[in-house]
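>>> only the shape, not the letters, is given here:
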């Protein structure tokens, strides 16, 4: 019952920016957009989240459209260690409902 | 960032036995913790929401008598898989909720997961 749509897979060249899109057209006004990633056989790692303004931290930037129906996670300089499944989630109370995510493969 | 620790990281048990998995918030208090299950090549599925001092709330289709959750303190929640069978073999992951004052909302941090194999 995930409320987001993401492409199943993407490739990115090492050192280039990785732009991961997410559609969440049914997002409610009080729901945040969260991004997590999961490297094989590990627990999900928090990346970033936002409500309506663009956000940036040491890992990534989050661009949310003005109508909040979609967002993009940007990894500015992808490395091989960024290869993972990236999950975009909308939630207001932290019971994160995971969709299938995007498998990002960073290639040398 | 906040640290959530699960124990054990992996466990192998015999069919019919019970297994307890611990989830601890190491540097913060968590009134709410969540338990997930992940089968190979699938996404995480929320099993239940665990609230300190009260009964857990289970998702539809999750047997509460089979997956016993106890959240007796603000830093510890446990998941017990009772009478485990091979089909219960999975990756079990917990998360804990923390309030961040910068956003005045909550964030969830995940444990490293526990791989259960029932033979």
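Great, that's in hand. Note that the structure is a prediction, hence the values are computed from the model and not measured. Residues are numbered from 1 along each chain as shown, chains lettered A, B, ... in the order given.
>>> what bridges to the nearest residue to residue A:83 once chain neighbours are set aside?
Nearest-residue entry for residue A:83: residue A:106, 4.9 Å, with adjacent residues in sequence omitted and distances by Cβ to Cβ, 6 or more residues apart in numbering or on different chains. Heads up, the C-betas are built off the backbone N, CA and C, glycines and all. When assigned by DSSP bridges, residue A:106 has beta-bridge partners residue A:12.
>>> can you tell me which helix or strand of chain A has the lowest average pLDDT?
Taking mean pLDDT, DSSP states H and E as the measure, strand A:45-50 is the helix or strand of chain A with the lowest mean score, a mean of 92.
>>> contacting residues around the residue nearest to residue A:83?
A:11, A:12, A:13, A:14, A:18, A:78, A:79, A:80, A:81, A:82, A:83 (Cβ atoms under 8 Å, 6 or more residues apart in numbering or on different chains).
>>> next SSE after the host helix or strand of residue B:107?
Using DSSP states H and E, residue B:107 sits in strand B:105-110. Scanning forward in sequence from strand B:105-110 by DSSP H and E, the next helix or strand is strand B:114-118.
>>> which residues touch that following strand?
Contacts with strand B:114-118, where a contact means Cβ under 8 Å, 6+ apart, come from A:41, B:6-15, B:19, B:21, B:81, B:84-93.
>>> quick check, distance from it to the centre of its chain.
With Cα atoms, centre = their mean, to the nearest Å as the basis, the distance from the averaged C-alpha position of strand B:114-118 to the chain average is 13 Å.
>>> swap in stretch B:78-90?
Centre to centre, stretch against its chain (Cα atoms, centre = their mean), the figure for stretch B:78-90 is 12 Å.
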